[in-house]
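Colleague: Return atomic coordinates for the entry below.
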Amino acid sequence: MSAFSAPPRSPAGPGAPYTPARLAETARRIAARPASWRPLARFTSPERWYHRLHRAEGYEVWLLTWLPGQGTEIHDHGGSAGAFTVVEGTLTEETFPGARRLPVGGLRSFGPRHIHRVSNRGTEPAVSVHAYGPALTSQTYYRLGADGALRPDRTETMDD
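Modeller: Numbers count the residues shown, from 1 in each chain. Predicted coordinates for the structure are as follows:
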């Protein structure tokens, strides 16, 4: 059976929306099968590398790599809920005003209004598996004002 053969079972049923908990289960399930994603991982600079592993009705799964010092801008997920787990290295997720360090096995799930920035502040490369539901269609990027408030900067649509 493929790592991507079926969405995880849920008490809500197979057609239920992908909640943060269900997306976390999906990310964990795929992360637990490194033979399905590890051969695909690439590390690139200056831009981070990412690859869609799977897309199905209601959700998608991505593999991302992070060299030391690489990270995202502050962003949302265009109304999609999500979850990600760290499978190699350590990542830091900043939510405003807090931050958390996520080592191997660290998992973060979130609802459709979540805004964050993720980075590799360590000295070793990192790899993470991300699940989004519904599939990403856009992301809004934000800037942090001198007063500490987040302000929308631009919105980008996702290529399919």
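
Colleague: was I right about His77 contacting Pro134?
Modeller: No: assessed by Cβ atoms under 8 Å, His77 is found out of contact with Pro134, at 9.9 Å. Yep, even glycine has a C-beta here, placed from its N, CA and C like the rest.

Colleague: what about these two, which has more around it?
Modeller: Set His77 next to Pro134 and count neighbours by other Cβ atoms under 10 Å: His77 wins out with 24 against 17.

Colleague: For that one, give me its contacts.
Modeller: By Cβ atoms under 8 Å, 6 or more residues apart in numbering, the residues touching His77 are 112, 114, 132, 136, 139.

Colleague: The second one contacts Ser80, doesn't it?
Modeller: No: His114 is not in contact with Ser80 according to Cβ under 8 Å; the separation is 9.4 Å.

Colleague: Looking at these two, which is more packed in?
Modeller: Ranked by neighbour count (other Cβ under 10 Å), His114 and Ser80 place Ser80 first, with 24 against 17.

Colleague: ok, now how distant is the more buried one from Met158?
Modeller: Ser80 sits 10 Å away from Met158, going by Cβ to Cβ, to the nearest Å.
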